[in-house]
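Engineer: Sequence unavailable; structure follows:
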């Protein structure tokens with residue numbers, strides 16, 4: 001609901017009562033109903049949700065970042081079982097952490113993020129670990 005609302009506010013065709021469209025509250029209610037999420041009539045919680053109000057279409061960037069984090073976790077720090085830290089080798093965890101530090105963190109914002117992610121992973125990123133972690 002949040003990411004769809006974000007796009008309704010800041011996407012190509014923003015909702016705006018002033019432009020002849022629906023109000024933000026009407027849009028918020030519609031999206032809740034479409035997603036079968038309860039909506040509290042007469043409220044406007046969305047107007048106090050700072051992530052949407054302060055930086056536009058960036059809200060769902062957190063979710064996007066989690067896809068890369070899950071892939072890096074799986075490839076650099078986790079064992080073959082999803083989300084588990086290797087119990088037999090703290091050295092593997094140390095090596096994975098060192099790789100993330102050397103390939104990503106030391107550069108700050110000086111390198112293209114795609115290059116940094118590829119360097120850490122040693123391949124193109126995958127969304128699979130993220131979705132597998134949801135089940």
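Structural biologist: Cool, the structure landed. It should be emphasised that the depicted structure is a prediction, and the values quoted were computed from it without experimental measurement.
Engineer: Low-confidence ranges, the chain, go.
Structural biologist: Counting by pLDDT under 70, the chain contains low-confidence residues at 19, 51-60, 79-89.
Engineer: Next, the contact list for the most far-flung residue of it relative to its centre, please.
Structural biologist: Most distant from the centre of the chain: residue 20, at 31.8 Å, with distances by Cα atoms, centre = their mean. Applying Cβ atoms under 8 Å, 6 or more residues apart in numbering, one finds that residue 20 lies in contact with no residue. The way it works is simple: take the backbone N, C-alpha and C, and place the C-beta from them, glycine included.
Engineer: now it: how far from residue 34?
Structural biologist: If you measure residue 20 against residue 34 using Cβ to Cβ, to the nearest Å, the figure is 21 Å.
Engineer: what helix or strand is the spatially closest residue to residue 76 that is not a sequence neighbour on?
Structural biologist: The shortest distance from residue 76 to any residue other than its chain neighbours is 3.6 Å, reached at residue 96 (Cβ to Cβ, 6 or more residues apart in numbering). Assigned by DSSP states H and E, residue 96 falls within helix 90-103.
Engineer: Can you list the buried residues in that helix?
Structural biologist: 93, 96, 99, 100, 103 (16 or more other Cβ atoms under 10 Å).
Engineer: give me the element the residue most central in space within the chain is part of.
Structural biologist: Computing the C-alpha centroid of the chain and ranking residues by Cα atoms, centre = their mean puts residue 63 first, at 1.2 Å. Secondary structure from DSSP H and E places residue 63 in helix 61-76.
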